[in-house]
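> below is the sequence, then the predicted model.
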Amino acid sequence: MGSILSSPAVGTAASSSGVTAKQQRQPFHVKKVAIIGAGPAGLAAARYLMAQGAVDSITIFEQQDQVGGVWYYSSLAPKEVPVPQQDPFWGPEPSIWPEGAPAPIFPSPMYERLHANIPGCLMQFHDTAFPADEWLFPKREAIQDYLVRYAGDLRHLIKFRHQVTQVNLETRDGRDRWHLEASSTLNDGEIVRDTYDAVVVANGHYSVPFIPAIKNIQEFNEAHPSVISHSKQYRKNEHFRGKKVVVVGNGPSGLDLALQINQVAGRTLMSVRHATSPDKISHIGCEEVPEIVELLPDQRGVLFKDGNKEINIDYIVFCTGFLFGYPFLNSLGRKIITSGRGIHGLYQHLFLIEHPTLVFPALNMKSVPWPLAEAQAAAFSAVWSNDLALPSDNEMERWSKELEETQGEALHIYPELGDDGKHINEFYDWVTKAKHVGKQPPHWEGEQFWQRKLAPQAKTKFEEGGCKAKTLADLGYHYEPDKE
């Protein structure tokens, strides 16, 4: 498959030799940058752009009243999600404004008892360690505290409580200009309008829930409106005490929610398309059943692919993930988004090839996202400052085409565990060819790849031990370079 997911490797075509005849691209003139979102990727983008020292102005637009993005927890859950929900253009994300609260809340999928599924030593930004006394797999409160600290010297750049509603492109004299509108979440009449040379789309991909259109699902939901929910709406397991529950999906959220729900439910079934490993099923303790092919409204039940059915179900929780959705991109969004399972027309999952002053960091799934966001931020900071050249349009388009041929619609899923580290290192190798590097991106060595490979089994062992371990050594794992 060549380089990560597709060839050529990052930056091979023009990192030193310029561009082809097709691409007579003039130098970038990026002095004013907008960043959408003050979560991990947005904060990393700001830090690397500042370090590169080539831009005059950075504005981070954040709809919440605090940094953190998906990690900014609220006990309030979204009131409802359409059933089914397959529209990537669903939105903008609705807010909730509790009485007495200083600002509206945009509930994320964060739930009360959540900890990371990646060790903190691997998850963290490469130059900012988690506190030594924190859990090996940090709990959500510690992660949010970490992000607030990380953002300490960036807060003056952040325009809190402003939701970006439109980003429109104007191309004039061969240069792209991005006209952005953001509405105050406190005052409906207050709208900020400004124009930017480049935009970093860092609003995350956990806003637009996906619930598949299984046969009779709409009729079922109309007959039993309190039964079906999405993982984005989950907060505590107490709601499921003594009930019969079907959890749909065995991705990270499905496994986590099934574990928590099964601690209190009368019976928990986990409906899956692909079998879960026996050790994980044993750890969770629930029953695994095939995928659902039909819902049975008259019996409050479901029919499984093997022909068996289950009736009198109290709750069905769809842990079926999210779609990539950018309602503020307007007409451009419909050119690069089809099903919502990926963003088309990108180079290295990052640069929009046709308009490379628009970037989408941290799209990749099955990844360690924060170091990847740092590596990507180092790349676009150097490219926009003209210290690092992009490959030719032909080469970037070839990369994108090969990715689509290999991955189909699921463009941003790394095929193998550890591919994220390889991609981080490819960015590192590319960025370090720049004429000037404002801030060194991360680079994975053998120990980081060992930690990545170990993470799934270590998480299970961590949970079985009561979530007490602070290091991998506490769980009996020791890195031995010669063996790895």
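Received it, and whenever you're ready, just let me know what you need. Numbering: from 1, shown residues only.

> can you report phi and psi for the residue lying closest to residue 397 once chain neighbours are set aside?
Nearest non-adjacent residue to residue 397, counting by C-beta to C-beta, 6 or more residues apart in numbering: residue 353, 6.0 Å away. C-beta: built from backbone N, CA, C; applies to glycine. Taking degrees, to the nearest 10, you get phi -60, psi -40 for the backbone angles of residue 353.

> distance of residue 393 from residue 399?
11 Å (C-beta to C-beta, to the nearest Å).

> in this structure, what spans have low per-residue confidence?
Counting by pLDDT under 70, the chain shows low-confidence ranges at 1-24, 484.

> hey, where'd the helices end up in it?
Counting by DSSP state H, one finds helices in the chain at the ranges 40-52, 120-123, 140-150, 217-223, 252-262, 278-284, 330-336, 369-384, 393-407, 419-431, 446-464.

> show me how far the shortest one is from its chain's centre.
Computed by C-alpha atoms, centre = their mean, to the nearest Å, the chain-centroid distance of helix 120-123 equals 16 Å.

> same thing with the first one?
Distance of helix 40-52 from the chain centroid (C-alpha atoms, centre = their mean) equals 17 Å.

> okay, domains of this protein per the record?
Listed domain ranges for the chain are 32-208+323-447, 211-320 (source: the TED database).

> what number of residues lie near residue 105?
18 (other C-beta atoms under 10 Å).

> now for it: which residues touch it?
Counting by C-beta atoms under 8 Å, 6 or more residues apart in numbering, residue 105 makes contact with 64, 74, 76, 95, 96, 97, 98.

> ok, back up a step: the residue nearest to residue 397 against residue 345, yeah?
Yes - applying C-beta atoms under 8 Å, one finds residue 353 in contact with residue 345, separated by 5.5 Å.

> ok, now which ones touch the residue nearest to residue 397?
345, 346, 347, 393, 396, 397, 400.

> again, only this time at 10 Å
Contact analysis of residue 353 by C-beta atoms under 10 Å, 6 or more residues apart in numbering lists 336, 344-347, 390-391, 393, 395-397, 399-400.

> can you check residue 297 too?
Counted by C-beta under 10 Å, 6+ apart, residue 297 has contacts 216, 217, 218, 219, 220, 221, 222, 223, 224.

> repeat for residue 200
33-37, 41-42, 44-46, 49, 58, 60, 357-361, 376-377, 380-381.

> got it, and residue 209?
Residues in contact with residue 209 (C-beta under 10 Å, 6+ apart) are 78, 81-83, 85-86, 90, 109, 229-233, 318, 320-323, 325.

> hmm, which of the residues you listed are the buried ones?
78, 81, 83, 85, 90, 109, 229-233, 318, 320-323, 325 (16 or more other C-beta atoms under 10 Å).

> if you look at those residues, which of them are in strands?
Counted as lying in strands by DSSP state E, out of those, are 229, 230, 318, 322, 323.

> ok, back up a step: mutual contacts of residue 353 and residue 345, please.
By C-beta under 10 Å, 6+ apart, the residues touching both residue 353 and residue 345 are 336, 396, 397, 400.

> the first one: neighbour count?
Burial of residue 336, expressed as a neighbour count using other C-beta under 10 Å, amounts to 20.

> export the helices of the chain as TSV, with columns for distance to residue 167.
Listed next are these as TSV, based on distance: least, C-beta to C-beta, whole Å:
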stretch	distance to residue 167
helix 40-52	15
helix 120-123	30
helix 140-150	24
helix 217-223	33
helix 252-262	29
helix 278-284	41
helix 330-336	7
helix 369-384	16
helix 393-407	21
helix 419-431	25
helix 446-464	34
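
> what's the closest of the ones you listed to residue 197?
Distance to residue 197, taken as C-beta to C-beta, is lowest for helix 369-384 among the helices of the chain, at 8.0 Å.

> will you turn the domains of the chain into TSV that also has distance to residue 459?
Below are the domains of the chain laid out as TSV (distance: least, C-beta to C-beta, whole Å):
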stretch	distance to residue 459
domain 32-208+323-447	6
domain 211-320	9
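
> of all those domains, which lies closest to residue 466?
Among the domains of the chain, domain 32-208+323-447 sits nearest to residue 466 (C-beta to C-beta), with 10.6 Å.

> apart from its neighbours in sequence, what residue is nearest residue 465?
Per C-beta to C-beta, 6+ apart, closest to residue 465 is residue 475, 7.0 Å.

> coming back round to it: so which of residue 393 and residue 399 has more stuff around it?
residue 399 (26 against 19).

> now the more buried one: how far from residue 45?
Relative to residue 45, and taking C-beta to C-beta, residue 399 is found at 22 Å.

> again with residue 149
From residue 149 to residue 45 the distance is 18 Å (C-beta to C-beta).

> and these two? Which one has more around it.
The neighbour comparison of residue 149 against residue 45 (other C-beta under 10 Å) goes to residue 45, with 29 against 12.

> so who does that one touch?
33, 35-37, 58, 60, 200-202, 359, 361-362, 373-374, 376-378, 380-381.

> and if we set it to 7 Å?
Going by C-beta atoms under 7 Å, 6 or more residues apart in numbering, residue 45 touches 35, 200, 202, 361, 377.

> tell me which of these is nearest to residue 456?
Closest approach to residue 456 among the contacts of residue 45 (C-beta to C-beta): residue 361, at 24.6 Å.

> residue 42 is in contact with the closest one, correct?
No - using C-beta atoms under 7 Å as the test, residue 361 is too far from residue 42 to be in contact (8.3 Å).

> so for those two, which sits in the more crowded spot?
Using other C-beta under 10 Å as the criterion, residue 361 and residue 42 rank with residue 42 on top: 30 against 26.

> and that one, how far from residue 64?
12 Å.

> again with residue 187
Counting by C-beta to C-beta, the gap from residue 187 to residue 64 is 16 Å.

> swap in residue 48?
For residue 48, the distance to residue 64 - C-beta to C-beta - is 22 Å.

> and residue 444, what is it in contact with?
Applying C-beta under 7 Å, 6+ apart to residue 444 gives the contacts 421, 424, 425.

> if you skip the residues just before and after it, what's nearest to the first one?
In other words, residue 421. Once flanking residues are discounted, residue 421 sits nearest to residue 444: 4.1 Å by C-beta to C-beta, 6+ apart.

> rewinding a little: for the contacts of residue 45, which one is nearest residue 313?
Ranked by distance to residue 313 (C-beta to C-beta), those are led by residue 202 at 38.6 Å.

> surely the closest one and residue 35 touch.
Yes - Residue 202 lies in contact with residue 35 (C-beta under 7 Å); the separation is 5.8 Å.

> quick one on the thing from earlier: pull out the buried members of the contacts of residue 297.
Among those, those classed as buried by neighbour count (16+ other C-beta under 10 Å) are 216, 217, 220, 221, 224.
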